[in-house]
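In: What follows is a predicted structure for the sequence shown.
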Amino acid sequence: MMKKEYILIAYIVWNLIVFLIYGYDKHQAVKDGWRVPEKTLMGLALFLGGIGAWFGMQGFRHKTKKPLFKYGVPLCILINIICMLYLFNINIIGWWLSGR
């Protein structure tokens, strides 16, 4: 496999882990157990876990009404996309300015 394939596999696995952490936090919220701090959840989303965080929010109905997550996670996804484009060496700005 090439380097880009490893990056993509790591990205998918990481987002699955983030998804599961959001599910764990929801489970703990329901049973009034130890919770994952909100800063940690947002940090996971920002650190290339935005897709997993969003699916975790939607799938577990968790943190969907909190403005920090409602607007912050989509912003993290945008930042994640920019980072992935950079890692894959895709010049989207040059593509956009060249008239597609």
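Out: The structure has been received and is ready for your questions. Numbers count the residues shown, from 1 in each chain.

In: how near is Ile79 to Ile7?
Out: When distance is defined by C-beta to C-beta, to the nearest Å, Ile79 is 16 Å away from Ile7. Bear in mind the C-beta positions are built from the backbone N, C-alpha and C, glycine included.

In: which residues are contacting stretch 53-66?
Out: If you take C-beta atoms under 8 Å, 6 or more residues apart in numbering as the criterion, stretch 53-66 is touched by 15, 18-23, 25-26, 29, 38, 41, 44-45, 69-70, 73-74, 76-77.

In: Residue ranges in the protein under the pLDDT threshold?
Out: 1, 93-96, 99-100 (pLDDT under 70).

In: Is there a quick ChimeraX command that grabs whichever of the contacts of stretch 53-66 are buried?
Out: To isolate the buried members of these in ChimeraX, using 16 or more other C-beta atoms under 10 Å:
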select :15,18,19,21,22,25,26,41,44,45,69,73,76,77
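
In: Which members of the contacts of stretch 53-66 occur in helices, if any?
Out: Among the contacts of stretch 53-66, the members falling in helices are 15, 18-23, 25-26, 29, 38, 41, 44, 69-70, 73-74, 76-77 (criterion: DSSP state H).

In: any idea how far the nearest residue to Leu87 once chain neighbours are set aside is from Leu85?
Out: If you skip the residues right next to it in sequence, Leu87 has Ile7 as its closest partner in space, 5.7 Å away by C-beta to C-beta, 6 or more residues apart in numbering. From Ile7 across to Leu85, the span is 12 Å (C-beta to C-beta).

In: Give the buried residues for stretch 28-48.
Out: Those would be 41-42, 44-46, 48, for stretch 28-48 by 16+ other C-beta under 10 Å.

In: Contacts for it next, please.
Out: 11, 14-15, 18, 21-22, 24-25, 27, 52-54, 62-63, 66, 68-69, 72-73, 76-77, 79-80, 83-84.

In: again, only this time at 7 Å
Out: Stretch 28-48 has contacts (C-beta atoms under 7 Å, 6 or more residues apart in numbering) with 11, 14, 18, 21-22, 24-25, 53, 68, 72-73, 76, 79-80, 83.
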